[in-house]
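*Asks:* Here is a sequence with its predicted model. Questions after.
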Amino acid sequence: MNRQLSLTLPSNPSLDALEPGKIAGELEICGTRVSIDCLNWPVEFPYRPLTVVTAAHSGTAVYLDFLVRCNYLRAENYTDNAPVSEDSCVEFFVAPDPSSPGDYFSIGINCIGAVRATFHSACGASRLCTAEELAGIRRYASVGKRPFREVEGSFIWSVTVAIPLSLLGLEYKGEPLAMKGNFNKCAALTSQPHYLSWAPIASEHPDFHRPEAFAPIVLQ
């Protein structure tokens, strides 16, 4: 649990001009890839689906392409700000100010691209992002947008998102921009519920809302 992590996101302004379905291919060339493979609660939840995220930024947005291989696939939530963590879901938790990790966003995306985003403050208050704010998050899901009940098999799926820096209250000025955060993989109501993270989390039971576990992330 003492693994020291950091992530540097390279800059590629051309990402903004790409169609959503072509972003993943460009990220394969220019992005940085990490595994979301920390099995923090192996006794309760031993299942570990292969999950990686490839990341870069354009100067105006953070681009993330999540790739998952799993045995069950679920996408019952199809509207933004629905409880997408019940489904086959990936998450990006990010504190825009690394000196104040208690102020952070939790952004979850299920396998059909439905997004739930919440801002959490160090004082304990939280607010869901508005529909207008969420409309600014570009997303592309390899399995399409239609909801479906759980299916069993051998699946490889991906979801790509572009999160505006303005949503996070950030402005990139051409110099390294530091944040802190974590990437997660979950699927609470599937037949193989699981809770994985990129940076390790020290808690007795699954809890991604642990800003003390966030690792450095730098926009280069």
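*Replies:* Received the coordinates, thanks. Just so we're clear, the structure is a prediction, and the values are computed from it rather than from any experiment. Numbering: from 1, shown residues only.
*Asks:* For the strand ranked longest in the chain, which residues meet the burial criterion?
*Replies:* Using DSSP state E, we find that the single longest strand of the chain is strand 148-164. Within strand 148-164, the residues that count as buried by 16 or more other CB atoms under 10 Å are 150, 155, 157-163. For the C-beta atoms, the positions are set from N, CA and C on the backbone; glycine is no exception.
*Asks:* now swap in stretch 198-210 and tell me
*Replies:* For stretch 198-210, the neighbour count (16+ other CB under 10 Å) marks 198-201, 206, 208, 210 as buried.
*Asks:* pLDDT and distance to L50 for those - can I get that in JSON lines?
*Replies:* Output for the buried residues of stretch 198-210, formatted as JSON lines (pLDDT from 0 to 100; distance: CB to CB, whole Å):
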{"residue": "W198", "pLDDT": "99", "distance to L50": "13"}
{"residue": "A199", "pLDDT": "98", "distance to L50": "18"}
{"residue": "P200", "pLDDT": "98", "distance to L50": "18"}
{"residue": "I201", "pLDDT": "98", "distance to L50": "19"}
{"residue": "P206", "pLDDT": "98", "distance to L50": "19"}
{"residue": "F208", "pLDDT": "99", "distance to L50": "19"}
{"residue": "R210", "pLDDT": "98", "distance to L50": "23"}
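*Asks:* Which of the buried residues of strand 148-164 sits closest to F105?
*Replies:* Checking these against F105 with CB to CB, the nearest one is I163 at 8.6 Å.
*Asks:* just the helices in the chain please.
*Replies:* Taking DSSP state H as the test, the helices found in the chain are 20-30, 131-135.
*Asks:* Now tell me what touches the shortest one from outside.
*Replies:* Contacts of helix 131-135 from elsewhere in the structure, counted by CB atoms under 8 Å, 6 or more residues apart in numbering, are 80-81, 115, 117, 167.
*Asks:* from the residues you listed, which two are the most distant?
*Replies:* Checking the contacts of helix 131-135 with CB to CB, the most distant pair is N81 and L167, at 13.9 Å.
*Asks:* shared neighbours, the two?
*Replies:* 117, 129.
*Asks:* For the chain, give me the ranges with low pLDDT.
*Replies:* For the chain, the stretches flagged by pLDDT under 70 are 1-4.
*Asks:* hmm, 50 instead?
*Replies:* Applying pLDDT under 50 to the chain flags the ranges 1-2.
*Asks:* still on that earlier bit, just the buried residues of stretch 198-210 now: which is nearest G102?
*Replies:* R210 (10.5 Å).
*Asks:* picking up where we left off before, just name the most buried of the helices of the chain.
*Replies:* Of all the helices of the chain, helix 20-30 has the most neighbours on average by mean count of other CB atoms under 10 Å, namely a mean of 16.
*Asks:* what's the angle from that helix to strand 148-164?
*Replies:* 60 degrees (axes from the mean of the first three to the mean of the last three CA atoms, to 10 degrees).
*Asks:* Can you list the helices and strands that helix 20-30 packs against?
*Replies:* In terms of contacts (3 or more CB pairs under 8 Å, 6 or more residues apart in numbering; DSSP states H and E), helix 20-30 is packed against strand 50-57, strand 61-75, strand 138-141, strand 148-164.
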